[in-house]
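# no FASTA, just this:
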């Protein structure tokens, strides 16, 4: 099973969807649910047609991300999550930042950062602290928020596991780079 990124846009009187990895694969619908159902069908038909024509089926490669901006020219906005094609850091930098080598704990730290950064967890963390959070009898998040956190983390982990399986060298560079960039203050 392949997982393609789709883009859904407001087209004025309806919604339109397209697939960046499959040029020409589009669908329109009156609601988000309808356009998602129709684009799924369109993708299946598109791939069947390509296979019948003997064309190679493109691997999903597009990523979806959101970038926050304040809308004021020249104002800085939070940085978006680094891409998954980080360059390989020089061995001397890795040794300097990770004395004694890259351990399983270092890999676990990087994987956790990859799975949880710039997703729903940071959205929950974005507000001001509240005295209510000090009351252990109160829930900090809803069941729906917990489910969203877990599913987001699973999707991100699946990305990493697929990369580890398909391109171990790129995976190693990515997790080392992620550790160097985001886990420097974490326990090793």
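Good, I have the coordinates. Here the structure is a predicted model, which is why all the values come from computation and not from measurement.
# beyond the worst-scoring helix or strand of the chain on mean pLDDT, next helix or strand please.
The helix or strand of the chain with the poorest confidence is helix 120-125; it has a mean of 69 (mean pLDDT, DSSP states H and E). Per DSSP states H and E, the first helix or strand lying C-terminal to helix 120-125 is helix 143-166.
# to the chain's geometric centre, what's the distance from that next one?
Here helix 143-166 shows a centroid-to-chain-centroid distance of 8 Å under the convention CA atoms, centre = their mean, to the nearest Å.
# could you give me the buried positions within stretch 61-70?
Within stretch 61-70, no residue is scored as buried using 16 or more other CB atoms under 10 Å. (Each C-beta comes from the backbone N, C-alpha and C, glycine too.)
# same deal with stretch 172-188?
Neighbour-count burial for stretch 172-188 flags 173-180, 182-183 (criterion: 16+ other CB under 10 Å).
# show me where the chain has strands.
In the chain, the strands defined using DSSP state E lie at 7-10, 15-18, 26-29.
# list the contacts of the last one.
It stands for strand 26-29. 11, 14-19, 35-39, 41-42 (CB atoms under 8 Å, 6 or more residues apart in numbering).
# relative to residue 103, which of the strands of the chain is closest?
Nearest to residue 103 among the strands of the chain is strand 7-10 (39.6 Å), distances taken as CB to CB.
# quickly run through the sheet partners of the closest one, with directions.
Here strand 7-10 is paired, per DSSP bridges, with strand 15-18 (antiparallel).
# quick one: contacts for the most centrally placed residue in the chain?
By CA atoms, centre = their mean, the chain has its centre lying nearest to residue 156, at 5.6 Å. Contact partners of residue 156, counting by CB under 8 Å, 6+ apart, are 114-116, 119.
# could you rerun that using 10 Å?
Contacts for residue 156 (CB atoms under 10 Å, 6 or more residues apart in numbering) come out as 81, 111-119.
# so which one among those has the lowest pLDDT?
Ranked by pLDDT, those bottom out at residue 81, which has 43.
# could you chop the protein up by domain?
Per automatic domain parsing, the structural domains of the chain span 7-52, 91-182.
# report the mean confidence score over the shortest one.
Computed over domain 7-52, the mean pLDDT rounds to 87.
# now do the end-to-end distance for it.
This stretch, domain 7-52, spans 26 Å end to end (CA to CA, to the nearest Å).
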